[in-house]
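Chemist: I would like to see how this sequence folds:
(chains A and B)
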There are 2 protein chains.
Amino acid sequence: MNLKLIFDSTKNTDLFYKIGIEVPDPFFFLDFGSRVLIFLDRRELAAFRRENKNNKIKALPLEPLIEKSKKIKDKTGSENKVIFQIFKDYKLFKKKVIVPRYFPLDIADFLRSKGVKLKVETCFYPERSVKSQKEKEIIGKNILIVRRAFLKIEKVLKDSSIKGKFLEYQGKILTSEFLKQEAEKVLLENKMMSVQGMIVSCGAHSAEPHHRGKGKIMSQKTIICDIFPRNKDNGYFGDMTRTYFKGKASKEILNMHDAVIKARSAVFKKIKHNAEISEIHKEAVKVFQDKGYDIGEKGFIHGTGHGLGLDVHESPFISSSSKGKLKKGNVITIEPGLYYPKIGGVRIEDVIYVTENGYENLTNHSEKMVIN
Amino acid sequence: MNLKLIFDSTKNTDLFYKIGIEVPDPFFFLDFGSRVLIFLDRRELAAFRRENKNNKIKALPLEPLIEKSKKIKDKTGSENKVIFQIFKDYKLFKKKVIVPRYFPLDIADFLRSKGVKLKVETCFYPERSVKSQKEKEIIGKNILIVRRAFLKIEKVLKDSSIKGKFLEYQGKILTSEFLKQEAEKVLLENKMMSVQGMIVSCGAHSAEPHHRGKGKIMSQKTIICDIFPRNKDNGYFGDMTRTYFKGKASKEILNMHDAVIKARSAVFKKIKHNAEISEIHKEAVKVFQDKGYDIGEKGFIHGTGHGLGLDVHESPFISSSSKGKLKKGNVITIEPGLYYPKIGGVRIEDVIYVTENGYENLTNHSEKMVIN
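Modeler: The predicted structure follows:
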């Protein structure tokens, strides 16, 4: 059995995945497969031991190791001495050691200088992409909270009136910033937080998928709302996108919205255990191409979706270059979209749980665009 | 001039420090000292160029590089091919290349296999610890927002009444979770967010400095509130701690609070440009020891403070093992505290700007503990 070694805080989601308790400062983590060893200072250790319910994880005090390691004659830093001491105490020098991409290079260099064979694994815990029943439920509940934020946005848009090019809400011009703040309040009340931001973008901004949106919300323009907060209690994300429109939508925009919904339906039909991932993406491409939309530089310019869990974007990624198959238990977003700078953007994003013969939609929210 | 090389997203605060614009996915960043080169995909490039006002930063499209790099015959990943192509185009193979600790190990291995000399720098941009006037103002404004959250907490505590062991606010038992949510609402309205959590801990919990706090707030027990949110607009943190108490404080607790204030005053007197950092910490230790408190396992169990900026904990760190001197322009926390499991914890934390002959206190908030 290989040894998996990490030196990081639990901001590293692979580490959080395995130990499930937040530790704010970097520490040594050794995963032997059947058991996990971690070394924490006295401040963290007591808290960890109290919260930890997984008997495969053994948390040990760091201080005795530091003391012992001071006798090592190497002219090197204390972290290197500590990991050397650990390798000595547990006789690990002959193990093949797997480390993540973002493993401290100075520690890697030191271990290699001592003859340790390191192998970099870019996908450190591939099993993360297959969710347990409990993880599915956690993400499902997160999505319910995200939906409440969307209901709030829909309510504000409904209660807004068109004033020429803009919208007015409670006597003020409606802005992207206001909508984001209203949505964030709902998330906050439910222990979720947009730690990586939130998109409420309108008009030309909405034609750039990564634009977070700012300034006045316009009538007669699409409004893309993409909310992907993290739950402070469980660490998992939610993710959902809807596109809204206030006013009388042109045929052009109605057609784009219709095409996105059709692409989504076509993709849904292909989803099941063992479906080829690249084929999923091709299905969306096909719908858009058949309707005369562009693929690549404009039109449909991104992948069809991504895995969702402790990271907002994680494996499996669903795009033209994807390899491999879907597996039952994957929790993925399906988010076809169309983007034309002069018209705007339209995107709809649901979260899907892959099953043996199909899928469950964890989002189940109306995709109605025009709100008047 | 050495080349500094990073491959990361702007979650890497060294990278954000240099380019000042958020980029969510990893990209290649090359800092030649006099100028910076970055390579972004078409989605990010347009947005970056529009926002960027620093003419030393040149943002170039990634796609042509990817195309060109496909001709490289190496059996390696596309990121490695891209960085190889960059090194070829800009003739960088003989440069000494500085990389951060958390540089992707697979890319490091590849570059070294091509003869590139990499040097790991754990403190990548040491100049980050000396803040500009603008940075000082940004952090000062952040602290003002954090203070508003404290005013809210103080108001809720004042309006709460003692019901035996607990507190009642608006007909309900007051909890840590409620106080955190009320504080977070104030932060949110001002574009700040507790991306790394917030501490409102009471009684035995408050005796563990890292305990985030949970459950009912108790009367006759210390309540430590430590709020350290990030500003969504400018990326900088604020950080502040106060300790509150509802009821009649024992002599023991009043003495602890008094000792913490005295340690703070003694430390403040030592702060100025070129002051030895370890001496700053020793000053707090001395005050506590003189009053008979413990140092280490209980009593004063942590460092005296830390730098504050784009990271909530950054250089300079003020502890017994610190080396070096304070510099004018350092923005640091001063946060002496005392912790006894059976009594509770007391901590007061201000943010200080170091000047030629002393300091400016950016916090300037009452340290009154007992609220009745």
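Chemist: chain B contacts on chain A?
Modeler: A:22, A:24, A:42-44, A:46-47, A:99, A:101-106, A:108-109, A:118, A:120, A:122, A:181, A:184-185, A:188-189, A:193-197, A:208-211, A:232, A:297, A:301-302 (CB under 8 Å from any CB of the partner chain). Yep, even glycine has a C-beta here, placed from its N, CA and C like the rest.
Chemist: out of these, list just those in helices.
Modeler: Judged by DSSP state H, the subset of the residues of chain A next to chain B located in helices is A:42-44, A:46-47, A:105-106, A:108-109, A:181, A:184-185, A:188-189.
Chemist: from the residues you listed, which would you call buried?
Modeler: Neighbour-count burial (16 or more other CB atoms under 10 Å in any protein chain shown) applied to those gives A:R43, A:E44, A:A46, A:A47, A:L105, A:D106, A:A108, A:D109, A:E184, A:K185, A:L188.
Chemist: could I get those residues as JSON lines with pLDDT and distance to B:G307?
Modeler: As requested, those are exported to JSON lines (pLDDT from 0 to 100; distance: CB to CB, whole Å):
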{"residue": "A:R43", "pLDDT": "81", "distance to B:G307": "20"}
{"residue": "A:E44", "pLDDT": "88", "distance to B:G307": "21"}
{"residue": "A:A46", "pLDDT": "87", "distance to B:G307": "27"}
{"residue": "A:A47", "pLDDT": "86", "distance to B:G307": "25"}
{"residue": "A:L105", "pLDDT": "97", "distance to B:G307": "23"}
{"residue": "A:D106", "pLDDT": "97", "distance to B:G307": "21"}
{"residue": "A:A108", "pLDDT": "98", "distance to B:G307": "27"}
{"residue": "A:D109", "pLDDT": "97", "distance to B:G307": "27"}
{"residue": "A:E184", "pLDDT": "96", "distance to B:G307": "29"}
{"residue": "A:K185", "pLDDT": "95", "distance to B:G307": "32"}
{"residue": "A:L188", "pLDDT": "95", "distance to B:G307": "29"}
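Chemist: which two of those have the greatest separation?
Modeler: Within these, A:D109 and A:K185 form the most distant pair, 47.7 Å apart (CB to CB).
Chemist: so A:E51 touches A:E22, yeah?
Modeler: No: the criterion here is CB atoms under 8 Å, and A:E51 misses it with A:E22 at 9.3 Å.
Chemist: the more surrounded of these two?
Modeler: More neighbours surround A:E22 than the other of A:E51 and A:E22, with 19 against 11 (other CB atoms under 10 Å in any protein chain shown).
Chemist: that one: what's it in contact with?
Modeler: A:T10, A:F16, A:G235, B:G197 (CB atoms under 8 Å, 6 or more residues apart in numbering or on different chains).
Chemist: correct me if wrong: A:N52 contacts A:I21.
Modeler: Yes: shown here, A:N52 and A:I21 form a contact pair, counting by CB under 8 Å, at 6.2 Å.
Chemist: A helix includes A:G309, no?
Modeler: No: under DSSP: H, G, I helix; E, B strand; the rest coil, A:G309 sits outside any helix and is assigned coil.
Chemist: nearest residue to the residue of the stretch 201-350 of chain A found nearest chain B in space, please, no chain neighbours.
Modeler: Residue of the stretch 201-350 of chain A nearest chain B, by CB to the nearest CB: A:H210 (5.7 Å). What sits nearest to A:H210 in space, not counting adjacent residues and going by CB to CB, 6 or more residues apart in numbering or on different chains, is B:R43, at 5.7 Å.
Chemist: go on, A:A259?
Modeler: That would be A:K291: by CB to CB, 6+ apart, it lies 5.0 Å from A:A259.
Chemist: let me know how buried the one you found is, in neighbour terms.
Modeler: Neighbour count for A:K291, taken as other CB under 10 Å: 15.
Chemist: for A:G215, same thing?
Modeler: Quick note: A:G215 (other CB under 10 Å) scores 14 neighbours.
Chemist: per-residue confidence at it?
Modeler: For A:G215, the pLDDT comes out at 97.
Chemist: for it, what are phi and psi?
Modeler: Torsion angles at A:G215 (phi, psi; degrees, to the nearest 10) stand at phi 80, psi -160.
Chemist: same check, this time on the one 3 residues further on
Modeler: A:M218 has phi and psi values of phi -100, psi 150 when expressed as degrees, to the nearest 10.
Chemist: so it makes contact with A:C202?
Modeler: Yes: when contacts are counted by CB under 8 Å, A:M218 is listed as touching A:C202 (5.3 Å).
Chemist: which of these two has more residues huddled nearby?
Modeler: Remark: of A:M218 and A:C202, A:C202 carries more neighbours, 30 against 22, as counted by other CB under 10 Å.
Chemist: check contacts around A:I227.
Modeler: Contacts of A:I227 (CB under 8 Å, 6+ apart): A:V146, A:A149, A:F150, A:A183, A:L187, A:S194, A:M198, A:I199, A:G238, A:D239, A:M240, A:T241.
Chemist: spell out for me the ChimeraX command that would select the buried members of these.
Modeler: Selection of the buried residues among the contacts of A:I227 in ChimeraX, burial being defined by 16+ other CB under 10 Å:
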select /A:146,149,150,183,187,194,198,199,238,239,240,241
